[in-house]
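**Q** Return atomic coordinates for the entry below.
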Amino acid sequence: MPSFKIDLSTAVVFVATAPEPKLVNKRTGERAVDQENRALSTVGLLVSDEGEGNLYQVTVPETGVPSDLVPGTPVAVTGLKARDWENEFNGQKRHGISFRAVAITSLGA
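**A** The predicted structure is shown next:
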């Protein structure tokens, strides 16, 4: 499926929830990895632009996430993209939009 770049050039972005490991299976604790076999993390970001704020759960390779990110930290996001998805689980169709970034950089002091 195609992905779409998200322009954050006029936005202010803050960490809403600290990075957490992205899991493939919550029961076993198996960690999700990307095609380069890098462990993935999920970070909640609050993006404020043109008087509107949105919360995004963004997947980032662990190597692109500083260890000191805490809620409220202003950040820069590199390579943010959105991709729509759809699947069927237990006979129910589900769909949504997933967000992926190359890196998140702290702008805090």
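**Q** just the strands in this structure please.
**A** Secondary structure of the chain (DSSP state E): strands at 4-5, 12-21, 23-25, 30-31, 40-49, 52-61, 75-78, 81-89, 92-100, 103-106.
**Q** So for residue 69, which of those strands sits nearest?
**A** Between residue 69 and those, the tightest spacing by CB to CB is seen for strand 12-21, at 5.1 Å. The way it works is simple: take the backbone N, C-alpha and C, and place the C-beta from them, glycine included.
**Q** close enough to count as contact, residue 22 and residue 31?
**A** Yes. Residue 22 lies in contact with residue 31 (CB atoms under 8 Å); the separation is 7.1 Å.
**Q** what do these two both touch?
**A** residue 40 (CB atoms under 8 Å, 6 or more residues apart in numbering).
**Q** Quick check: which of the strands of the chain is buried the most?
**A** Among these, strand 40-49 has the highest mean neighbour count (mean count of other CB atoms under 10 Å), at a mean of 19.
**Q** contact partners of that strand?
**A** So strand 40-49 is contacted by 8, 10-22, 31-34, 53-62, 65, 69, 75, 77, 104 (CB under 8 Å, 6+ apart).
**Q** Provide the strand pairings for it, with the direction of each partner.
**A** Strand 40-49 sits in its sheet next to strand 12-21 (antiparallel), strand 52-61 (antiparallel), going by DSSP bridges.
**Q** So what sits opposite the residue nearest the centre of the chain in the bridge?
**A** Central residue check for the chain by CA atoms, centre = their mean: the C-alpha nearest the mean position is that of residue 58, 0.8 Å away. Using DSSP bridges, the bridge partners assigned to residue 58 are residue 43, residue 99.
**Q** contacting residues around it?
**A** Counting by CB under 8 Å, 6+ apart, residue 58 touches 42, 43, 44, 45, 77, 80, 99, 100, 101, 104.
**Q** Many thanks, I have nothing further to ask.
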